[in-house]
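Engineer: take this sequence and fold it.
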Amino acid sequence: MHIKTFSLLLLCLSLASCQKQGGEPAEITIPVRAEPVALQDFRYSIKLTGAIAAHVESNLSFRVSGKVTEWTADVGAHVTAGQVIARVDPQQQKADVEAAQAALVAAQADVEQATSEFERRKTLLASGSISKESYDQAATALDTSKGSLDNAKAQLGTAQDSLGYTELKTDADGIITARNVEVGQVMQAAQTAFTLAQDGPRDAVFYIYETLLQSKPDSPRIEVALVSDPNVTAFGKVSEISPTIDTSTGTVRVKITLEETPPRMTLGAPVTGFAQSAPTKMIILPWTALFAIDGNPAVWVIDTKDETASLKPVKVATYETGRVIISGGLDVGEIVVTDGGKMLRPGQKVTVEGGQS
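Structural biologist: As a prediction, this is how the structure comes out:
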């Protein structure tokens, strides 16, 4: 009984000590940690995963239509320039060549006959046996036959070219990365049959979000490392940025041409690219400083005149592990609460423990 009475007495004394003179409750001061706002150099770090691709990739197709009779190179095969990798049925083209050859023989015979007739009338004209008009007719016939001969030669050349086009040949050394033909398939002229990754420089291809393009890298040289073995590295420079955005992913294709390609960075090998932006002035705060007001990011700012705290909206540039990067909303020199903000309310009196950090 005496113990309960003593406890109640202590409680009353405690409540009384929390009141000002006149019976009004004393204002509670919350201890917090804080630091002044200062601008610091900040670099955006970018790390993306891409793949190795050929710097030059070409689609190979027949120049004439026809039924495929054979193909000799599959995906992954290394080919050399001029190598035949597929054929279409050449029967129609062979018939065209034979017809053109026959037309050429006929045109040559016409020229020979017209030449003989021209020489005969030339002699007769000299002796006065025929008129000038008859001679001119022979000359015209000779010119016409010669024109027909030239046309026949051109037709034969075209037919022979078409016969040659029934064989699909590579235009450079490289590796076949795609095959779209099968024996018996009817291919149309200019329809892609193979895709060739040409030997030579290699690119690291990345698909990045458009916002990342707003920050220029600090160095034009980008480091690329093999995903399976980060010790295998290479350096390159941006050679191409796609002018369009992939509507399905919202990304932009960026190609980095490698200065030297390690042997283990084969076509299709997954790689990681590293880059840092040029330094920009930003405000860097610990993540414990960040709160929200009306669903928007904000921080507690201390008014040094009356030592009260209030929430102030801020613009966040990016979030990182353990810290947040502020790009706007604060002025240099303002005091921001970095720890203890959970206990605060607008207008709350605070005291900074250990002074400003």
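Engineer: all contacts plus neighbour counts: C-alpha atoms, from now on.
Structural biologist: OK.
Engineer: surely Arg121 is in contact with Gly128?
Structural biologist: No - using C-alpha atoms under 8 Å, Arg121 makes no contact with Gly128, being 10.1 Å away.
Engineer: more neighbours, these two?
Structural biologist: The neighbour comparison of Arg121 against Gly128 (other C-alpha atoms under 10 Å) goes to Arg121, with 21 against 10.
Engineer: residues touching the more buried one, list them.
Structural biologist: By C-alpha atoms under 8 Å, 6 or more residues apart in numbering, Arg121 lies in contact with Ile130, Ser134, Tyr135, Ala138.
Engineer: please tell me how far the second one sits from Glu112.
Structural biologist: The one in question is Ser134. Counting by C-alpha to C-alpha, to the nearest Å, the gap between Ser134 and Glu112 amounts to 18 Å.
Engineer: just checking, what's the longest helix in the protein?
Structural biologist: Looking across the chain with DSSP state H, the single longest helix is helix 91-127.
Engineer: for stretch 149-160, C-alpha coordinates in CSV please.
Structural biologist: Extracted C-alpha coordinates of stretch 149-160, given in CSV (Å, rounded to 0.1, in the frame of the first residue of the first chain):
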residue,chain,number,x,y,z
LEU,A,149,24.6,-7.3,-132.9
ASP,A,150,25.5,-5.0,-130.0
ASN,A,151,22.1,-5.5,-128.5
ALA,A,152,22.4,-9.3,-128.8
LYS,A,153,25.8,-9.2,-127.1
ALA,A,154,24.3,-7.1,-124.2
GLN,A,155,21.4,-9.6,-123.9
LEU,A,156,23.9,-12.5,-123.7
GLY,A,157,25.9,-10.7,-121.0
THR,A,158,22.7,-10.1,-119.0
ALA,A,159,21.6,-13.7,-119.3
GLN,A,160,25.1,-14.9,-118.3
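Engineer: need the strands for the stretch 201-350 of the chain, in chain order.
Structural biologist: Ranges of strands in the stretch 201-350 of the chain, per DSSP state E, counting those that start in this stretch, are 202-209, 221-226, 233-241, 251-258, 270-276, 280-286, 290-293, 296-303, 308-313, 315-320, 323-328, 335-339, 348-352.
Engineer: and the ones you listed as TSV, adding mean pLDDT and distance to Ser61?
Structural biologist: As requested, the strands of the stretch 201-350 of the chain are exported to TSV (pLDDT from 0 to 100; distance: least, C-alpha to C-alpha, whole Å):
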stretch	mean pLDDT	distance to Ser61
strand 202-209	94	23
strand 221-226	94	33
strand 233-241	94	26
strand 251-258	95	25
strand 270-276	92	29
strand 280-286	94	50
strand 290-293	93	60
strand 296-303	95	57
strand 308-313	94	60
strand 315-320	91	48
strand 323-328	94	53
strand 335-339	95	65
strand 348-352	92	75
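Engineer: tell me which residue is most central in the protein.
Structural biologist: With distances taken as C-alpha atoms, centre = their mean, the residue of the chain nearest its centroid is Arg253 (1.6 Å).
Engineer: tell me the contacts of the residue nearest to it when sequence neighbours are not counted?
Structural biologist: Closest residue to Arg253 apart from its sequence neighbours, by C-alpha to C-alpha, 6 or more residues apart in numbering: Tyr207 at 4.6 Å. For Tyr207, the contacting residues are Gly50, Thr251, Val252, Arg253, Val254, by C-alpha under 8 Å, 6+ apart.
Engineer: ok, Ala269 next?
Structural biologist: Taking C-alpha under 8 Å, 6+ apart, one finds Ala51, Ile52, Leu226 in contact with Ala269.
Engineer: can you list the weak-confidence ranges in the chain?
Structural biologist: 1-26, 215, 354-357 (pLDDT under 70).
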